[in-house]
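Engineer: Structure, please.
(4 chains)
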There are 2 protein chains.
Amino acid sequence: MKPKIEDVARLAGVSPTTVSRVLNDRGYISNQTRDKVHDAMTKLNYFPNDVARSLFTKRSNLIGIIMPTTTNPFFGELTFHLENICASLGYKVLLCNSLNQKDKEKKYLDMLMRNQVDGIIVGTHNLGILNYQKQNLAVVSIDRYLSETIPVVSSDNYEGGKLATELLIRKGCKQIVLIDGVKELEKSYKRREAYIDTLVREVKVPIIYEIPEVFNVQKQQEIIENIFSEHPEADGIFATNDIFAASYITAAKRHGKKIPEDVKIVGYDGTETVRTVLPELTTIRQPIELIAKEAINILLREIEGEFTDFPHETKLPISLLEGSTT
Amino acid sequence: MKPKIEDVARLAGVSPTTVSRVLNDRGYISNQTRDKVHDAMTKLNYFPNDVARSLFTKRSNLIGIIMPTTTNPFFGELTFHLENICASLGYKVLLCNSLNQKDKEKKYLDMLMRNQVDGIIVGTHNLGILNYQKQNLAVVSIDRYLSETIPVVSSDNYEGGKLATELLIRKGCKQIVLIDGVKELEKSYKRREAYIDTLVREVKVPIIYEIPEVFNVQKQQEIIENIFSEHPEADGIFATNDIFAASYITAAKRHGKKIPEDVKIVGYDGTETVRTVLPELTTIRQPIELIAKEAINILLREIEGEFTDFPHETKLPISLLEGSTT
DNA sequence: CTGAAAGCGCTTACAG
DNA sequence: CTGAAAGCGCTTACAG
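Structural biologist: The predicted structure follows:
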């Protein structure tokens, strides 16, 4: 059996109270007692039971992270940073990959609540979460508008979309196509909005392809394929994530299009993986680590009960990485 | 305040015992009572506190997953599958990104023990874990030999290394270089062993470059750069992961080498991300989802106390994906 | 500086 | 079919 505080107390010849105090470095304890207790703990190979502790303190130090899937390099990298920062602050991470499926999100949310998480960071367009707002649960959203009261942290999507579109125009593209996710997701919307605004200002016509099931590779390829038959004249592509951009590049090569001579391409995200695997891709780089830091920063302030002065939107600066696809 | 069982009991006019029985569907309860309890639960928006439950049952239904980093597409994808399977079986995942750093691994391990995880899946060369074996904690390792008693699940690394090397030989490469991690990691070793065996059989000389800090991109690039000055004659590259392969490709292009004419390249892993972003890369594909399934399968058997008949090594079949880099 | 007692929110024998 | 009591392993007022 695992040793418990009582076992340590007995071996050290003190009360459980005293052991607990040593453990938490709380109140006055004589050095002699402290040493006795420490000795007993090492002898028994004791480590405290955080479940019991949480039950009493009502603080789990657990953060729930709900992402579509860590398979996607953006979310994989974001999850890494979130977890890493949490760990450095003494928080533990319960990971949830919802694949953006509503039923899964609901189940995960229930699970997180039952496990008494102190807060949740959401990277999905999870609306079920609104039902839990009344429990005044601390929540921060990455890149998605969920409600008036849930803070959103994101890259400056409008600026990113503007930069990407302007670059393509500057490079002489006449017909610029947007490859985007579906419109309901707020993040896509701002990038798209900037694309449309910028094109319209130049008296150009927006052409938008929507990829509904972001994590269905085949579907994605089918839709991209349509661009070549429906808009063979397209000479500029702004993809709202690098995976879309890469898929387009593959298809373009198959169609004998030269990059960047025949068609120029800009992606979005600029993850470490894509920068290593496809360094030639011009892309808008998100400050992923910074996004993670800000999100946790705000979440912790919510947890500490400062439901006051944090901003509803936090837009972090993006940067343009120019490769050879433009 | 969050409602508790007692609140539900009071509202339903029954005892806490009865509510607990309804909750767990345990023992006999009249339908009428069950309905009353359910009504009260919805009225109060009650959900059970798993922390309290765990304390009593001594089952947390928590699985700890220790990976180097989900930033890496292989581990990001593996983590996704592991978590997904866990969720479908009612287990929750505590995520740890250790970056292969010993001090972090030790801290994570402590944390997992304190949180009473039912089992741990390790994707790092975490040796500190051996100290916990006495606690007879359920552990499964992915790809790394940790001890005689810890089951290892991996792709068939030797076969993969053999396939890769043989392909390069068959394609006419005279001087084949291996880009590998450091030798201590068992996984690398088998792939390397196969590379060496296969070359020696053909009376060729192995040339091995070791990349010590796998997650330090710059260091990685420096070492790869050396290949061009030290072995300009190299016309075949077997990289033990796709990221190394991609880094080499980038460098080769910079050096004006044509692929596959001047140099042929085979990677390892074949993650979804790399297959999408760099589909031209020839690689050995690991059955990542299968690895996840097997690992959890074995872990659950350990947890259920069947410390009997599971194999120490489980090697899952790899497959060769031929792109245009060979 | 140290200890006895109560309680965190559950579940499970044990009675009835 | 239902309830009172004890206990999971901890922590924290409250005494002393």
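Engineer: A:Gln116: neighbour count?
Structural biologist: 18 (other CB atoms under 10 Å in any protein chain shown). Any C-beta I mention is one placed from the backbone N, CA and C, and that applies to glycine too.
Engineer: and it, what does it touch?
Structural biologist: Contacts were defined as CB atoms under 8 Å, 6 or more residues apart in numbering or on different chains; by that measure A:Gln116 touches A:54, A:58, A:60, A:62, B:49-51.
Engineer: So which of these would count as near DNA strand C as well?
Structural biologist: A:58, B:49 (CB under 7 Å from any atom of the strand).
Engineer: Buried among the contacts of A:Gln116? Make that a ChimeraX selection.
Structural biologist: Remark: buried members of the contacts of A:Gln116, expressed as a ChimeraX selection using 16 or more other CB atoms under 10 Å in any protein chain shown:
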select /A:54,60,62 /B:49,50,51
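Engineer: helices or strands next to the helix or strand in which A:Ile237 is found in the packing?
Structural biologist: Taking DSSP states H and E as the definition, one finds A:Ile237 inside strand A:236-239. Applying 3 or more CB pairs under 8 Å, 6 or more residues apart in numbering or on different chains; DSSP states H and E, we find strand A:236-239 packed against helix A:157-170, strand A:176-180, helix A:242-254, strand A:264-269.
Engineer: is the residue lying closest to A:Tyr209 once chain neighbours are set aside in a bridge, and if so with what?
Structural biologist: Spatial nearest neighbour of A:Tyr209, chain neighbours left out: A:Ile179 (5.1 Å); criterion: CB to CB, 6 or more residues apart in numbering or on different chains. Beta-bridge pairing for A:Ile179 (DSSP bridges): A:Tyr209, A:Ala239.
Engineer: can you give me the helices for chain A?
Structural biologist: Shown for chain A, the helices assigned by DSSP state H span residues A:5-12, A:16-24, A:31-44, A:50-57, A:73-88, A:102-114, A:157-170, A:186-201, A:217-230, A:242-254, A:272-277, A:288-303.
Engineer: Dump these to a markdown table, plus distance to DNA strand D and mean pLDDT.
Structural biologist: Below are these laid out as a markdown table (distance: least, CB to the nearest atom of the strand, whole Å; pLDDT from 0 to 100):
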| stretch | distance to DNA strand D | mean pLDDT |
| --- | --- | --- |
| helix A:5-12 | 3 | 88 |
| helix A:16-24 | 3 | 87 |
| helix A:31-44 | 10 | 86 |
| helix A:50-57 | 3 | 94 |
| helix A:73-88 | 20 | 98 |
| helix A:102-114 | 16 | 91 |
| helix A:157-170 | 43 | 97 |
| helix A:186-201 | 40 | 88 |
| helix A:217-230 | 47 | 92 |
| helix A:242-254 | 46 | 96 |
| helix A:272-277 | 39 | 96 |
| helix A:288-303 | 17 | 95 |
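Engineer: Identify whichever of those lies nearest to chain B.
Structural biologist: Among these, helix A:73-88 comes nearest to chain B, with 3.2 Å by CB to the nearest CB.
Engineer: Give me the angle between that closest one and helix B:73-88.
Structural biologist: 80 degrees (axes from the mean of the first three to the mean of the last three CA atoms, to 10 degrees).
Engineer: Would you mind giving the domain segments of chain A?
Structural biologist: Using automatic domain parsing, the domains assigned to chain A come out as A:5-48, A:60-154+A:288-315, A:157-287.
Engineer: any chance of these in JSON lines, with distance to B:Gln221 too?
Structural biologist: Output for the domains of chain A, formatted as JSON lines (distance: least, CB to CB, whole Å):
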{"stretch": "domain A:5-48", "distance to B:Gln221": "41"}
{"stretch": "domain A:60-154+A:288-315", "distance to B:Gln221": "19"}
{"stretch": "domain A:157-287", "distance to B:Gln221": "9"}
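Engineer: How about A:Asp50, nearest residue that isn't a chain neighbour?
Structural biologist: B:Arg114 (4.4 Å).
Engineer: wait, isn't that neighbour in contact with A:Asn49?
Structural biologist: Yes - B:Arg114 sits in contact with A:Asn49 when judged by CB atoms under 8 Å, with a separation of 6.8 Å.
Engineer: Tell me which residue in the stretch 201-326 of chain A sits closest to DNA strand D.
Structural biologist: A:Glu304 (16.0 Å; CB to the nearest atom of the strand).
Engineer: ok, that residue to A:Val152 distance?
Structural biologist: 20 Å (CB to CB, to the nearest Å).
Engineer: who's more crowded, those two?
Structural biologist: Each of A:Glu304 and A:Val152 has its neighbours counted (other CB under 10 Å); A:Val152 has more, 22 against 10.
Engineer: check contacts around the more buried one.
Structural biologist: A:Val152 touches A:140-146, A:186, A:312-314, counting by CB under 8 Å, 6+ apart.
Engineer: would a markdown table of those with neighbour count be doable?
Structural biologist: Output for the contacts of A:Val152, formatted as a markdown table (neighbours: other CB atoms under 10 Å in any protein chain shown):
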| residue | neighbour count |
| --- | --- |
| A:Val140 | 25 |
| A:Ser141 | 25 |
| A:Ile142 | 25 |
| A:Asp143 | 23 |
| A:Arg144 | 20 |
| A:Tyr145 | 17 |
| A:Leu146 | 21 |
| A:Glu186 | 16 |
| A:His312 | 11 |
| A:Glu313 | 9 |
| A:Thr314 | 18 |
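Engineer: What about these, which are in strands?
Structural biologist: A:140-142, A:313-314 (DSSP state E).
Engineer: so A:Lys315 touches A:Gly160, yeah?
Structural biologist: No - assessed by CB under 8 Å, A:Lys315 is found out of contact with A:Gly160, at 9.9 Å.
Engineer: Settle it for me: which of those two has more neighbours?
Structural biologist: Each of A:Lys315 and A:Gly160 has its neighbours counted (other CB under 10 Å); A:Gly160 has more, 30 against 17.
Engineer: ok so, going back, in contact with the residue nearest to A:Tyr209, which residues?
Structural biologist: Contacts for A:Ile179 (CB under 8 Å, 6+ apart) come out as A:209, A:211, A:224, A:227, A:237-240, A:244-245, A:248.
Engineer: Could you do A:Ala164 as well?
Structural biologist: Counting by CB under 8 Å, 6+ apart, A:Ala164 has contacts A:191, A:195, A:238, A:266, A:268, A:284, A:320.
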